[in-house]
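A.B. asks: Below are the sequence and a predicted model for it; my questions follow.
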Protein chains: 2
Amino acid sequence: MPADDVLTMGRTGVDLYPQQSGVSLREVRAFSKFLGGSPTNVAVAAARYGRRTAIVTRTGDDPFGAYVHDALRGFGVDDRYVSAVPGLPTPVTFCELFPPDDFPLYFYRHPKAPDLEIAAAELDLDAVRGAAILWVTGTGLCQEPSRTATLTALRERARSGITVLDLDYRPMFWESREEARHWVREALPYASVAVGNLDECRTAVGTGEPRRAAAALHDLGVELAVIKRGPDGVLASRGGEEAEAPPLAVDVVNGLGAGDAFGGALCHGLLAGWDLGRILRFGNAAGALVASRLACADAMPTEDEVRELLTSGRRP
Amino acid sequence: MPADDVLTMGRTGVDLYPQQSGVSLREVRAFSKFLGGSPTNVAVAAARYGRRTAIVTRTGDDPFGAYVHDALRGFGVDDRYVSAVPGLPTPVTFCELFPPDDFPLYFYRHPKAPDLEIAAAELDLDAVRGAAILWVTGTGLCQEPSRTATLTALRERARSGITVLDLDYRPMFWESREEARHWVREALPYASVAVGNLDECRTAVGTGEPRRAAAALHDLGVELAVIKRGPDGVLASRGGEEAEAPPLAVDVVNGLGAGDAFGGALCHGLLAGWDLGRILRFGNAAGALVASRLACADAMPTEDEVRELLTSGRRP
């Protein structure tokens, strides 16, 4: 098998998103089923741009788990590294839609999410080493054996190729922010790229001030730091070079998944060798398209759709 | 407050039922949200017949929990004994629709269902003693503190009024069938009425042969034994009297909830002093109506609807 362009690791599951907007789960009457989980979405996003993509994750041994396989394959993501964990249900995640900026999540990931049962011994280390981009997340560090598996994958890369750590900090998955910080800092020296929003930077390096956070990430060995500043747009810094891109104004339906769309675009742009400004503009446009749609994975745009938004300002 | 006609105890939550029939959760595209949980459904069913009804249960401290309150009130069920358990999510239950007789359930009740946190110390013992009918379930016995709360409620009744034990055996909630048997037999001496299908009789009294099961239940002190024999219809036995009623033929949409519709009708008929044959025919018709509809609690019929099916053979 040829090496993957993009290999992601971590969370997967079923997203159940409301068919009604602006109301709480108390009032929602019906839900649509989508593929979800941040590194799952990133893999789908990269696959939409034609990249050879796979994900290392685990599901329950149940019909929702079978759906995850179906959906991944349907989006062109290789599911060979997706296995079932007997006895643990495939996680489901509900959200509420309060556009433009409030999308609370309700996770059903008990007693334990199968994707936290990814084990180092089961990793295909050739695939881990061979992928042009490895994409791992902070959430993958929150419990064993996923934590050791994630760190093992990072160490195996030995800083070759592009290794992305999505700082992805979700308080409900951790005992404390300090615990998250400890393990993210354990992982950062192996990452050539770090991506996070201001709160995730606070967790990782103790500051939410974008340029200081970027500097702190560089000090830990990160070559490219990408800081998502919400309404202030994205900031990227690499080797003394800096780029910024403002967010695109769209009618937001569901802001969830926009960051993952950016992530998929980041992978695509890095592989294509684009300059930082172009990557950020493309990623922002991809994120804006996903934010204008209900789903996450299922809403990832094609390259043509992103280009159309960038050139004409019109959503396809 | 006047005493309740029917006070149920136990399971509650959100049912997410597929908008597509005949396919697995792998293929379902969307779900509708309903109120669910067996004793919740029974309470709603009894309330539809104008009975003063309340439920003792617990939810998560979350929007789905608020929905449980809204829905109960909307159906005329008193929610004063419904409290929230911080830190535990309101359970969600998915089903698959393979009519006419296969409706697999997928429970998301981890780390623990709030309704298993019903505690004896928090019971309103006046309400428990005062209700004309108390309805408890085998599932309420599967974990502490709900087990002790259920047994406490049963003992408080001191065999006054009508005390129903729904044998309700769901293997996934128990370590073993033997453990379930142990606790159901602990509860049975306090029940004046026992209701169960053949498998539940096997769990409770070690035999699935209807008349032997009824006799064994009587030996344990049960006055009225109601045995659901599936396609062979319902058998009831009380004080040497026996009645049977065949199932009604309907186009089944979702068989789940039919038993709870029967339960609500049983409460209604017992309170009205109907003879056994009339109760069974009415209960079967109520069950058939619910089976012909997608929802459970939300599908409970009115007395007029049941009468219309019984007299004209037509579904309203």
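C.D. replies: Nice, thanks for sending it over. Quick caveat: nothing in here was measured; it's all calculated off a predicted structure.
A.B. asks: okay, CA-based contacts and neighbour counts for the rest of this
C.D. replies: OK.
A.B. asks: For chain B, what's its nearest residue on the stretch 151-300 of chain A.
C.D. replies: The minimum distance from the stretch 151-300 of chain A to chain B, using CA to the nearest CA, falls at residue A:172 (10.8 Å).
A.B. asks: tally of neighbours for that residue?
C.D. replies: Look at residue A:172: counted by other CA atoms under 10 Å in any protein chain shown, it has 9 neighbours.
A.B. asks: Tell me if it really is in a strand.
C.D. replies: No - counting by DSSP: H, G, I helix; E, B strand; the rest coil, residue A:172 is not part of a strand but helix.
A.B. asks: And the helix or strand hosting residue A:195, what does it pack against?
C.D. replies: If you go by DSSP states H and E, residue A:195 is part of strand A:193-197. Judged by 3 or more CA pairs under 8 Å, 6 or more residues apart in numbering or on different chains; DSSP states H and E, strand A:193-197 is in contact with strand A:162-166, strand A:224-228.
A.B. asks: Can you redo those strands as JSON lines, where the extra columns are mean pLDDT and distance to chain B?
C.D. replies: As requested, the helices and strands packed on strand A:193-197 are exported to JSON lines (pLDDT from 0 to 100; distance: least, CA to the nearest CA, whole Å):
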{"stretch": "strand A:162-166", "mean pLDDT": "98", "distance to chain B": "28"}
{"stretch": "strand A:224-228", "mean pLDDT": "98", "distance to chain B": "30"}
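A.B. asks: Out of the ones you listed, which is closest to residue B:144?
C.D. replies: Among those, the nearest to residue B:144 by CA to CA is strand A:162-166 (41.2 Å).
A.B. asks: So what's the residue count around the closest residue to residue A:95 other than its chain neighbours?
C.D. replies: In space, and not counting its chain neighbours, residue A:95 is closest to residue A:105: 4.4 Å by CA to CA, 6 or more residues apart in numbering or on different chains. For residue A:105, the count of nearby residues is 14 (other CA under 10 Å).
A.B. asks: what sits against residue A:105?
C.D. replies: The neighbours of residue A:105, taking CA atoms under 8 Å, 6 or more residues apart in numbering or on different chains as the test, are A:93-96.
A.B. asks: got a winner among those residues for most neighbours?
C.D. replies: With neighbours taken as other CA under 10 Å, the top of the contacts of residue A:105 is residue A:96, carrying 24 neighbours.
A.B. asks: wait, doesn't it sit right on residue A:23?
C.D. replies: Yes - if you go by CA atoms under 8 Å, residue A:96 and residue A:23 touch, sitting 7.1 Å apart.
A.B. asks: Contact residues of chain A facing chain B?
C.D. replies: Contacts of chain A with chain B, taken as CA under 8 Å from any CA of the partner chain, map to A:24-34, A:63-67, A:89, A:108, A:110-111.
A.B. asks: Can you select the buried ones from these in PyMOL?
C.D. replies: Command for PyMOL, covering only those of those found buried under the criterion 16 or more other CA atoms under 10 Å in any protein chain shown:
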select buried, chain A and resi 24+25+26+27+28+30+31+32+33+34+63+64+65+66+67+89+108+110
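A.B. asks: Take the residues of chain A next to chain B and keep only those in helices.
C.D. replies: Using DSSP state H, the members of the residues of chain A next to chain B that fall in helices are A:63-67.
A.B. asks: And the spatially closest residue to residue A:64 that is not a sequence neighbour, how close does it get to residue B:194?
C.D. replies: With sequence-adjacent residues excluded and distances taken as CA to CA, 6+ apart, residue A:64 is closest to residue B:26, at 5.3 Å. Per CA to CA, to the nearest Å, residue B:26 is found 37 Å from residue B:194.
A.B. asks: same check, this time on residue A:123
C.D. replies: 53 Å.
A.B. asks: So for the two, which sits in the more crowded spot?
C.D. replies: Using other CA under 10 Å, the more surrounded residue of residue A:123 and residue B:194 is residue B:194, with 27 against 16.
A.B. asks: In contact with that one: list those residues for me.
C.D. replies: Residues near residue B:194 by CA under 8 Å, 6+ apart: B:164-167, B:188, B:217, B:222, B:224-226.
A.B. asks: can you give me the strands in the stretch 51-200 of chain A?
C.D. replies: Assigned by DSSP state E, counting those that start in this stretch, the stretch 51-200 of chain A shows strands spanning A:53-60, A:77-78, A:82-85, A:92-95, A:105-108, A:133-137, A:162-166, A:193-197.
A.B. asks: same for the shortest one, what does it pack against?
C.D. replies: This means strand A:77-78. The helices and strands touching strand A:77-78, judged by 3+ CA pairs under 8 Å, 6+ apart, are helix A:38-48, strand A:53-60.
A.B. asks: any idea which of these is most buried?
C.D. replies: Mean neighbour count (mean count of other CA atoms under 10 Å in any protein chain shown) peaks for helix A:38-48 among the helices and strands packed on strand A:77-78, with a mean of 29.
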